[in-house]
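K.L.:
one predicted model, sequence on top.
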Amino acid sequence: MNLNKQHVIFFLLFAFIQLHAQEKSTIPVIQELLDKMTLDEKIGQLNLLTPGGAVATGSVVSKDVETKIKAGQVGGLFGVSGPDKVRVAQELAVNNTRLKIPLLFGSDVIHGYKTTFPIPLGMSCSWDLDLIEKSARIAAVEATADGINWNFSPMVDIARDPRWGRIAEGAGEDPYLGSAIASAMVKGYQGTNLSEPNTMLSCVKHFALYGASQAGRDYHTVDMSKVKMFNQYLPPYKAAIDAGVASIMTSFNDVDGIPATGNKWLLTDLLRDSWGFKGFVVSDYTSLNEMIPHGLGNLQDVSALSLKAGLDMDMVGEGFLTTLKKSVEEGRVTEEEITQACRRILEAKYKLGLFDDPYRYLESNRPKKDILTQGHRQFAREVAARSFVLLKNHKSILPIKKNAKIALVGPLADSRNNMLGTWAPTGNPDLAVTVIEGFKKVAPNATISYAKGANITDDKELAKKVNVFGPRVVIDKRTPEAMIKEAVDAANSSDVVVAVVGEASEMSGESASRTDISISESQKKLIQALVATGKPVTLVLMSGRPLTIPEEYEMPVSVLQVWHSGVEAGNAIADVVFGNYNPSGKLTTTWPRNVGQIPIYHSIKNTGRPNPKEGYEKFKSNYLDMPNTPLFPFGYGLSYTTFEYSNLQLDKLEISAGETLNVTVTVKNTGNYDGEEIIQLYLSDVVRSITPPKRQLKGFKKVKLKKGERKEVTLTLTEEDLKFYNSDLDFVAELGEFVVYVGPNSDAELSGSFVLK
């Protein structure tokens with residue numbers, strides 16, 4: 001290479017670096033504003049505070065918020081809602097600061113606003129993308145009516161350890177389904193035009209890998225290969241970005257040894273340079289400050305590190321506010337880096353239309369008109385019913401006749417405070433429908449005898465931890481023996497027994513990890529006593545996670561998993577128990593037999609010594625004391641009717657790059673009820689350059705079939721479905737044989753094969 005060419009290349013490279021470092025806004029009004037702003041004003045926009053009053057996820061609550069707003073030291077608030085309250089805060093910013101820059105107002109609207117839907121893990125079990133998108137749309141309509149324009153949702157972390165309490169907030173274990181749900185929720189929140197006053201910024205979280213916290217312990221370390229990241233954990237975040245998500249929240253964990261909040265590879269190299277994300281990045285609650293105990297330095301050190309990594313906004317910790325100016329003076333960060341972060345936040349405000357009208361979300365008549373409407377509540381009831389998973393129907397006990405004599409027992413049968421589920425800070429538990437209320441409404445001719453039967457737990461120390469946000473576990477003054485006797489007496493005088501058991505709402509969720517995910521001893525004794533009466537028993541199981549229930553499953557009982565199903569919980573549960581709706585939900589997490597099997601999931605890999613399909617064999621990958629198989633596989637769920645799969649056909653035996661493959665199966669309703677079935681397609685790559693999973697979900701379709709009806713259902717595979725990230729992190733489809741499995745869950749038996757040539 002001659003000297004002139006070297007000079008040209010050097011000049012171009014230098015020009016590119018300068019252009020990148022001083023990136024201009026493509027929105028003229030934002031660039032004009034940036035040109036007027038002082039360094040202090042820019043830093044102020046990077047500060048997100050909470051005045052308290054909402055559910056805090058840390059020990060810090062912001063101080064002197066009003067003073068800081070007037071001083072131009074705040075870019076956004078959360079924990080403030082209602083048009084009047086939001087207006088007061090917005091006026092402080094618009095009327096008292098030099099440049100009159102409006103604030104963002106955020107909130108955790110995780111599964112509905114005032115109209116609370118089932119927890120996200122429950123909603124995912126509907127496998128209904130239109131329904132999930134509509135739930136997010138309704139949540140946006142209600143939240144924006146209360147002045148909120150930025151939502152810290154969806155949480156798209158892949159979770160394969162049910163000990164982790166936050167498994168309740170996501171879509172389960174599968175990246176294919178999780179990606180589809182992430183996209184649907186972003187579209188629901190943001191709509192097609194963010195400047196409309198009933199749409200809001202979505203914030204996908206937690207970036208990245210948070211669901212893989214070691215030992216299922218919250219805020220804990222994550223350690224995995226990049227191949228595993230790209231193939232199994234990153235796809236839902238990428239799907240949200242492809243759907244146009246406006247903001248990203250960092251996670252508490254480290255990634256390759258560097259906390260996510262200060263990880264340049266994660267926030268810049270991957271998120272922006274590789275994936276093309278154009279929005280802004282906010283830390284999780286004081287996660288910037290928490291890099292100090294991680295071992296990354298003092299507050300000034302970690303603040304500078306995070307800004308240079310690509311963090312734009314600091315939630316609550318005020319590290320940016322108190323240290324960045326000093327870091328500029330010392331040459332540790334540049335004003336251009338601060339300007340770039342500020343630009344991204346201002347552009348988000350512009351897209352919301354706040355510069356045209358800072359009060360566009362503050363119509364005083366909207367809350368009454370748009371929040372908790374009858375239509376929203378009815379939809380919440382439908383969503384809940386479609387999220388339930390029938391795990392067992394012993395002797396077809398369900399559905400129960402509406403004129404039966406019913407013993408309705410259990411600590412969750414009349415527990416209003418536990419209906420909404422975890423992370424429902426904007427919901428009002430007083431408005432929730434209890435199970436007993438739902439039973440009386442749906443089956444007014446039934447004779448219902450109620451008995452509590454047991455406490456959720458008898459452990460007072462555990463109850464104290466669970467009750468941090470209010471009474472979720474109420475320990476009765478009566479003895480356990482007296483409560484069980486009351487329940488047994490009710491059972492003996494009834495035709496059937498319905499026992500509503502499981503977890504209190506705050507036994508799952510953030511900072512609610514558990515090493516024992518079985519039903520509590522107090523409730524086990526109740527169930528055993530009810531079964532001993534000889535009466536037909538149905539367990540209505542409430543939880544925010546998969547539970548280990550091998551003992552209960554072996555009993556002569558039916559089991560209906562209802563999660564924590566929201567404001568219309570009682571009505572929806574009654575709809576299903578009494579047959580107004582035939583359950584169609586399918587599990588989006590594998591249920592282990594015990595915690596010793598964790599992690600267990602459907603796309604696990606074979607080893608060089610695979611376990612035998614039946615029995616035990618020495619020197620194979622199996623346990624001495626337990627089968628490898630789960631209690632319930634991913635995708636599992638029964639119906640009041642039955643379905644028969646047959647005649648699997650592939651329209652081609654060979655495909656080339658760019659071609660599609662149609663997979664057709666015949667499904668027949670062979671039972672006595674009309675019903676819905678979720679047909680699932682799994683793919684196995686027989687030989688490839690890195691070890692493949694046993695099976696991967698690559699398609700699904702929900703169909704309605706009347707009693708005796710038969711349908712041909714077609715699912716389509718594309719070349720993209722065959723691709724994976726290889727050891728070089730190239731996204732490729734390798735030539736060779738693939739096996740397709742179609743059926744009712746991940747253990748689907750019908751199969752066919754084709755070759756990519």
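P.N.:
It's in.
K.L.:
surely residue 42 is in contact with residue 337?
P.N.:
No - Residue 42 is beyond contact range of residue 337, at 10.2 Å (criterion: CB atoms under 8 Å). Where you see a C-beta, it was placed from the backbone N, CA and C, and this is true even at glycine.
K.L.:
of the two, who's got more company?
P.N.:
Per other CB atoms under 10 Å, whichever of residue 42 and residue 337 has more neighbours is residue 42, with 23 against 17.
K.L.:
the strands in the stretch 51-200 of the chain, which residues?
P.N.:
76-78, 104-107, 150-151 (DSSP state E, counting those that start in this stretch).
K.L.:
of the ones you listed, which stretch is the most buried?
P.N.:
strand 150-151 (a mean of 27; mean count of other CB atoms under 10 Å).
K.L.:
elements contacting it?
P.N.:
Where contact means 3 or more CB pairs under 8 Å, 6 or more residues apart in numbering; DSSP states H and E, strand 150-151 is packed against strand 104-107, helix 129-145, strand 201-207.
K.L.:
just send the ones you listed back as TSV, with distance to residue 517 too.
P.N.:
As requested, the helices and strands packed on strand 150-151 are exported to TSV (distance: least, CB to CB, whole Å):
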stretch	distance to residue 517
strand 104-107	30
helix 129-145	25
strand 201-207	22
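K.L.:
thinking again about what came up before, so which of the strands of the stretch 51-200 of the chain is nearest residue 644?
P.N.:
Nearest to residue 644 among the strands of the stretch 51-200 of the chain is strand 150-151 (42.9 Å), distances taken as CB to CB.
K.L.:
mind checking how far that closest one is from the chain centre?
P.N.:
Offset of strand 150-151 from its chain centre (CA atoms, centre = their mean, to the nearest Å): 15 Å.
K.L.:
in which helix or strand would I find the closest residue to residue 399 other than its chain neighbours?
P.N.:
Spatial nearest neighbour of residue 399, chain neighbours left out: residue 579 (3.1 Å); criterion: CB to CB, 6 or more residues apart in numbering. Under the criterion DSSP states H and E, no helix or strand holds residue 579.
K.L.:
quick one: residue 579 from residue 540, how far?
P.N.:
Using CB to CB, to the nearest Å, residue 579 is found at 14 Å from residue 540.
K.L.:
neighbour count: those two, which is higher?
P.N.:
Neighbours per residue, other CB under 10 Å: of residue 579 and residue 540, the larger number sits with residue 540, 23 against 17.
K.L.:
once you drop chain neighbours, what's closest to that one?
P.N.:
Residue 540 sits nearest to residue 500 (CB to CB, 6+ apart), 4.5 Å away.
K.L.:
where's the one you found, which helix or strand?
P.N.:
Here residue 500, judged by DSSP H and E, is contained in strand 496-502.
K.L.:
report the buried residues of the next helix or strand after that strand.
P.N.:
Next along the chain after strand 496-502, taking DSSP H and E as the criterion, comes helix 521-532. Under the neighbour-count criterion of 16 or more other CB atoms under 10 Å, helix 521-532 has 522-527, 529-531 buried.
K.L.:
for stretch 122-139, same thing?
P.N.:
122-129, 131-139.
K.L.:
would you map the helices across the stretch 251-400 of the chain?
P.N.:
264, 291-294, 299-309, 319-329, 335-351, 366-370, 374-387 (DSSP state H, counting those that start in this stretch).
K.L.:
just put those in JSON lines and tack on mean pLDDT.
P.N.:
Formatted as JSON lines, the helices of the stretch 251-400 of the chain follow (pLDDT from 0 to 100):
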{"stretch": "helix 264", "mean pLDDT": "98"}
{"stretch": "helix 291-294", "mean pLDDT": "98"}
{"stretch": "helix 299-309", "mean pLDDT": "98"}
{"stretch": "helix 319-329", "mean pLDDT": "98"}
{"stretch": "helix 335-351", "mean pLDDT": "98"}
{"stretch": "helix 366-370", "mean pLDDT": "97"}
{"stretch": "helix 374-387", "mean pLDDT": "98"}
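K.L.:
before I go, just wanted to say thanks for your time.
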